[in-house]
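Asks: here you go, sequence then predicted model.
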Amino acid sequence: MKTRVETKENPRLKELKFIVRRIRENPLSLAGLVIIIFFTIIAITAPVLAPPRPGRDPYIIPRSGYFPEPQPPNLEHPFGTTEGQYDLYYGVIWGTRTAYRIGVLVVAVSALIGIIVGSLAGYYKGVVDEVLMRLTDIILAFPGLILAMALVVAFGPGLDSITLALILVGWPTYARLIRGEFLRITSEDFVEAAKAIGCSDFRIIVRHVLPNAVFPLLIVASLDIGAIVITAAALSFLGLGAPEGYADWGQLISLSRNWITGTSGNPFAYWHVYVIPGLFLFLFVMGWNLLGDAFRDVLDPMIRRK
Amino acid sequence: MNLSTNLRTFLIRRLILVIPTLLGISLLIFGVTQLFDPIERASLYIRDPRQIRFVEEIIKKYGLDQPFYVQYFGWLSQVLQGNLGWSQSLHMPVLEALITRFPATAELVLYSAPLTIVLGIFLGKISAVKKDTVIDHVTRVMAIVGWSLPAFWLGIILMAVFYGGFGIFPPGRLSPWAEAMIRSGKFKAYTGLYTIDAILNLNGDVFIDALSHLVLPVITLTTINVALIMRVMRSSMLEQLGKTYIIAARARGLDSKTVIDKHATKNALIPVVTISGLLTAGMLSGMVITETVFEFKGVGYFAAHAATQLDIPAVLGFALFAGLIFVIANLIVDILYAYIDPRIRLR
Amino acid sequence: MKRLTLETLDNEELLSVKDLVVRFYTYEGIVKAVERANLKLRKGETLGIVGETGSGKSVTAFTIIALTPSPGRVEGGAVYFRRAQGDVVNIIKLKEVELLRIRGKEVSMIFQEPNAALDPLYRVGDQIAEAILSHRLPEILENVIKFVEGELRRGRSGFGARLELWAYRKMLENPKSAILAILRRIPIIKNLMTRRLKHVVREEIIELLKLMEIPDPERIIEAYPHELSGGMQQRIMIAIALACSPVLLLADEPTTNLDVTVQAQIIDLIMRLKNKLNMSIIYITHDMGVIAEISDRVAVMYAGNIVEVAPVKELFNNPLHPYTRALLESIPRPGSPFKSIPGTIPNLVNPPSGCRFHPRCPYVREACKLEVPELVKVSEDHYVACLLYDGEIYGKYGGHGRSEEILSDKRRNI
């Protein structure tokens, strides 16, 4: 049943208030928010929590020796050590920074590319639209991880390659979203009016259309950080990421692969090497997904009518 | 109007649409090869390690220093003849490697895809019908947890508990004794899917062994993917439940079970078909992570192994294979659509 | 189920809506969609409900068969309905099982968008069959059983008929029988088992479609909804609604989305069927022309309130409520300028105080902002909810009831 309701408030402000209210009311999204704040604090205070040795790259995990067998948690190593005696505590703390770096960079750059390409396609339509959309079709025709893997191999292994590959694989989704919004918005009257009074294309895009299209995209995109970090970790796990000893969750988990069976007396003797870094990765991703789930509900017009 | 003619023209039109997509995929893969220098690219054409001495000649022969489009058509004609290059990491042609590894992947998909899809539909439906109840909340939390679990970590934990802790569900595809039995002359390989072959050979021991190796990877794949299906089913179901035809069906006196099962569910399944098709394609084209963790030697394991060895022809051949699987999956999904939804056939 | 005394519904009456309150819980707030609505429907009568979009007329209709759309909730009042056997029930308090026996069998509904009201994935024949089978299965089964028994006595059929006979008897005895449920899963057996039943139902449907004046019914029942025109879809919806000969038909703007010529045909069809089947109709529309054509009595709704109820002639000749008058004046007539009602439909989250029409009312008084008007009887069968006609309250604020001013004003306009 449609019920017309008139409102005098600024609709965008009202929207924001509504979203904030929904997030506050929902214990799940609140949990997600708490987790994300927790990780953000870790990332910011990493140099305090795990001070790097002066003069060395802080992302390189300090190691005490080369002995293969991992050490259980002790006073010197609160989370124990991995295969090859890398300090697990230092690794997961600085790994948080690595995760944020990749996640934020990939989301920001691919959203930016997506916005530019999507705006051009959705505003000019016709041939420009056709060409750009076929390009996104082809990239989206591949499973993301596989295309990213091929690109990383082509660029040569490393975290930078992973970042670049994930950007190249990720932007088409945003381009599609923005284009859809553009097609919807440019058919509305106020854009026709702006054209009629002689606004330039650039002005119409930036001043009139983008603010209406970009808001939902930015939210959805920022919540993709979880998904991106999990993919990047998967590539690292396969051995396509940073060199050994770099603070990176995926790699720390990969270092645990030889130690899952434990010793004869104690099958879980090396639990810390796989549980701790995996738990960090899992909680990080879940924090973003919890928040993302709530946001998607709020933005979904089908679900929003309570 | 003749429905079967409609369906036929629809299919023909759909098949023709496949061609540009395939060309696009081949262009993209070929584009990636252009990131390498001619000598690296030459390895795409080497079928035998002894040929490496003749790299210069290969560059000349295949025109690897020629302009982009000339090279593209040269490469494409090779690909169309089934020559995907030589895999250094496996010491065999890439195509052969893909073909020999495919049954393992197919077997994993055979069990995990139906399980994931059925479970996802079931949970999504319940969650939608019982919206905002405890059941809905629990289902959704479970889905988010599953969705957030990294496949490689879940795999490691499962192995640590079941294989490390209890000594059951080992990694790999078969135990050594079963492997030996399969290689012996008595066992006939019909499909390459060990559980199926074991049934056809009436060999219960091999069947149980093969199945016990499948348990953990199937659990892993189902856990992390079920949320995808569930989410789509839930929102699709909620959408359908709000439609007029549902009220109309109830207004004619149908009980809510009939309305939900017969009308809402069937309509809600339409978008689920797409996502299920893509999911199955994604699985078939290689569960790179899951297969690697469980040392389950399928296509994905092969690709991951090749990637770490920087075996470029193998990785590109694998990517091409994955693209092809996706195109086929999309085609099947569209045909299924036309079958389920009578409105599609007329368009 | 509590039996109600005859006081709730007198012998002439089929349905009575008493002080109905329906609210919608949306994120923007609580929408007070229907507020203390009162209606009565006599047997064999056509009651028109007229009002703008959002006036609550459709919500009222849905609530009559206890299908208030989500997120709406019935917060008060009652809907008394006289069942075919003669007992009176309150629909609002009824259990779902009881409702299933009323919906589609005793009360049916047709909708504004026939296209959206049909399931796109099933052939229309199957959807009509669903309506027939959900209420008339035992009756049809008995007929089929007699028919098959006759065939067997004459020795015309063999094993197949015997299987069918067994299945039909089982179905009649216990429709939820487990063995039937299992057998029905097997396509070949299912076909064999129900061949004659299907045939009989098909004949029923074809008869029904002929009644709906649908040409070539054999072809139509095989069609999917999207293959039919809007008018044809609405005829199918009417066929579904009338499949079990209900005593009451709720028509929610059934012609609003149709072409003008088709509109006239559908209205004609509904009225002819009404006489043939001896039904009562509640017809909802915002079209005053349609109302004048078909109704015996008219209820005018504004912003969730029923503001005036009167026989159709009385309403058009002697409209009392200022909103009714404005509505009648806004009917476009050739040669005279189009007059729209000034102001907008109020926000039902925060409806205006007192009389909900007061912000748009040309005769607004201080009292109108403070007092909620009740439906009062002004003459035989004519009720209005307006303080101008409620001397008692109006007097309290120093005015006089039945304002001379408004009556003289009315004469000027009509």
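Replies: Here it is on my side, so go on.

Asks: give me the neighbour count for residue B:56.
Replies: 11 (other Cβ atoms under 10 Å in any protein chain shown). For every residue, glycine as well, the C-beta is placed using N, CA and C.

Asks: kindly report the same for residue C:326.
Replies: So residue C:326, with other Cβ under 10 Å, has 20 neighbours.

Asks: in what helix or strand does it lie?
Replies: helix C:322-329 (DSSP states H and E).

Asks: residue C:267 too?
Replies: Per DSSP H and E: helix C:260-277 holds residue C:267.

Asks: near chain A at all, whichever helix or strand comes after that helix?
Replies: Downstream of helix C:260-277, the next assigned helix or strand under DSSP H and E is strand C:280-285. No - Strand C:280-285 does not reach chain A (Cβ under 8 Å from any Cβ of the partner chain); its nearest approach is 12.7 Å.

Asks: got the angle for strand C:280-285 vs helix C:260-277?
Replies: Here strand C:280-285 points in a direction 160 degrees away from that of helix C:260-277 (axes from the mean of the first three to the mean of the last three Cα atoms, to 10 degrees).

Asks: average pLDDT across strand C:280-285?
Replies: Across strand C:280-285, the average pLDDT comes to 94.

Asks: what lines up beside that strand in the sheet?
Replies: Strand pairing for strand C:280-285, determined by DSSP bridges: strand C:46-50 (parallel), strand C:248-252 (parallel).

Asks: now the first one, how far from the chain's geometric center?
Replies: By that I understand strand C:46-50. Mean-position distance between strand C:46-50 and its chain equals 10 Å (Cα atoms, centre = their mean, to the nearest Å).

Asks: neighbouring contacts of it?
Replies: C:39, C:41, C:57, C:60-61, C:271, C:274, C:280-288, C:290-291, C:294-301, C:312, C:327 (Cβ atoms under 8 Å, 6 or more residues apart in numbering or on different chains).

Asks: which parts of the helix holding residue C:267 are buried?
Replies: The neighbour-count criterion (16 or more other Cβ atoms under 10 Å in any protein chain shown) identifies C:262, C:263, C:265, C:266, C:267, C:269, C:270, C:273, C:274 as the buried residues of helix C:260-277.

Asks: list the helices and strands the helix or strand in which residue B:334 is found packs on?
Replies: Here residue B:334 sits within helix B:312-340, counting by DSSP H and E. Packed against helix B:312-340 by the contact rule (3 or more Cβ pairs under 8 Å, 6 or more residues apart in numbering or on different chains; DSSP states H and E) you find helix A:144-155, helix B:3-33, strand B:86-87, helix B:94-129, helix B:265-284, helix B:299-308, helix B:342-346.

Asks: what angle do that helix and helix B:3-33 make?
Replies: 160 degrees.

Asks: buried ones in helix B:312-340?
Replies: B:312-327, B:329-331, B:333-338.

Asks: from the chain's centre, how far out does that helix sit?
Replies: 9 Å.

Asks: before we move on, what about stretch B:296-305?
Replies: The answer for stretch B:296-305 is 13 Å, by Cα atoms, centre = their mean.

Asks: re earlier: elements contacting the helix holding residue C:267?
Replies: helix C:230-242, strand C:248-252, strand C:280-285, helix C:288-294.

Asks: pull the CA coordinates from that helix and hand them back as CSV.
Replies: Extracted in CSV, the C-alpha atoms of helix C:260-277 (Å, rounded to 0.1, in the frame of the first residue of the first chain):
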residue,chain,number,x,y,z
VAL,C,260,-11.9,3.3,-21.6
THR,C,261,-13.8,0.9,-23.9
VAL,C,262,-12.5,-2.1,-22.1
GLN,C,263,-13.5,-0.4,-18.8
ALA,C,264,-17.1,-0.2,-19.9
GLN,C,265,-17.1,-3.8,-20.9
ILE,C,266,-15.7,-5.0,-17.6
ILE,C,267,-18.1,-2.9,-15.6
ASP,C,268,-21.0,-4.2,-17.7
LEU,C,269,-19.8,-7.8,-17.1
ILE,C,270,-19.5,-7.4,-13.4
MET,C,271,-23.0,-5.9,-13.1
ARG,C,272,-24.5,-8.6,-15.2
LEU,C,273,-22.8,-11.4,-13.2
LYS,C,274,-23.9,-9.7,-10.0
ASN,C,275,-27.5,-10.1,-11.0
LYS,C,276,-27.0,-13.6,-12.3
LEU,C,277,-25.2,-14.8,-9.2
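
Asks: now what about it, what contacts it?
Replies: C:46, C:211-213, C:229-231, C:234-235, C:238, C:242, C:245, C:249, C:251, C:254-255, C:258, C:279, C:281, C:283, C:290, C:293-294.

Asks: can you tell me the SS state at residue A:239?
Replies: Here residue A:239 takes the coil state, with states given by DSSP: H, G, I helix; E, B strand; the rest coil.

Asks: what backbone torsions are found at it?
Replies: phi 100, psi 20 (degrees, to the nearest 10).

Asks: kindly report the same for the one 10 residues further on.
Replies: The phi and psi torsions at residue A:249 (degrees, to the nearest 10) take the values phi -60, psi -50.

Asks: what angle do the lengthiest helix in chain C and helix C:230-242 make?
Replies: The longest helix of chain C (DSSP state H) is helix C:124-153. On the basis of the same axes, to 10 degrees, helix C:124-153 is oriented at 50 degrees to helix C:230-242.

Asks: after the helix of greatest length in chain B comes which helix or strand?
Replies: The longest helix of chain B (DSSP H) is helix B:204-241. The helix or strand immediately downstream of helix B:204-241 is helix B:244-251, counting by DSSP H and E.

Asks: from the contact counts, what lies against that next one?
Replies: If contacts are counted by 3+ Cβ pairs under 8 Å, 6+ apart, helix B:244-251 sits against strand C:107-110, helix C:114-117, helix C:230-242.

Asks: turn these into TSV, columns for mean neighbour count, distance to residue C:361 and mean pLDDT.
Replies: Shown next, in TSV, are the helices and strands packed on helix B:244-251 (neighbours: other Cβ atoms under 10 Å in any protein chain shown; distance: least, Cβ to Cβ, whole Å; pLDDT from 0 to 100):
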stretch	mean neighbour count	distance to residue C:361	mean pLDDT
strand C:107-110	28	33	94
helix C:114-117	23	36	91
helix C:230-242	24	37	93
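
Asks: and those as a markdown table, adding distance to residue B:241?
Replies: Below are those laid out as a markdown table (distance: least, Cβ to Cβ, whole Å):
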| stretch | distance to residue B:241 |
| --- | --- |
| strand C:107-110 | 18 |
| helix C:114-117 | 14 |
| helix C:230-242 | 20 |
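
Asks: check the gap between the residue in the stretch 51-200 of chain A positioned nearest to chain B and chain C for me.
Replies: Minimum separation of the stretch 51-200 of chain A from chain B (Cβ to the nearest Cβ) falls at residue A:138, amounting to 3.8 Å. With distances taken as Cβ to the nearest Cβ, to the nearest Å, residue A:138 is found 32 Å from chain C.

Asks: repeat that for residue B:105.
Replies: From residue B:105 to chain C the distance is 33 Å (Cβ to the nearest Cβ).

Asks: which residues touch that residue?
Replies: B:283, B:284, B:286, B:287, B:291, B:298, B:299, B:300.

Asks: looking at the residues you listed, which gets the smallest pLDDT?
Replies: Lowest confidence among these: residue B:286, with 68.

Asks: excluding its backbone neighbours, what's nearest whatever residue of the stretch 201-350 of chain C ends up closest to chain B?
Replies: Shortest the stretch 201-350 of chain C-to-chain B distance, computed as Cβ to the nearest Cβ: residue-wise this is residue C:224, at 4.3 Å. The shortest distance from residue C:224 to any non-neighbouring residue, by Cβ to Cβ, 6 or more residues apart in numbering or on different chains, is to residue B:342 (4.3 Å).

Asks: for that neighbour, report the pLDDT, please.
Replies: Confidence score, pLDDT, at residue B:342: 80.

Asks: cool, residue A:232 as well?
Replies: 94.

Asks: how much space between it and residue B:28?
Replies: To residue B:28, residue A:232 is 21 Å away according to Cβ to Cβ, to the nearest Å.

Asks: what's the answer for residue B:111, then?
Replies: 32 Å.
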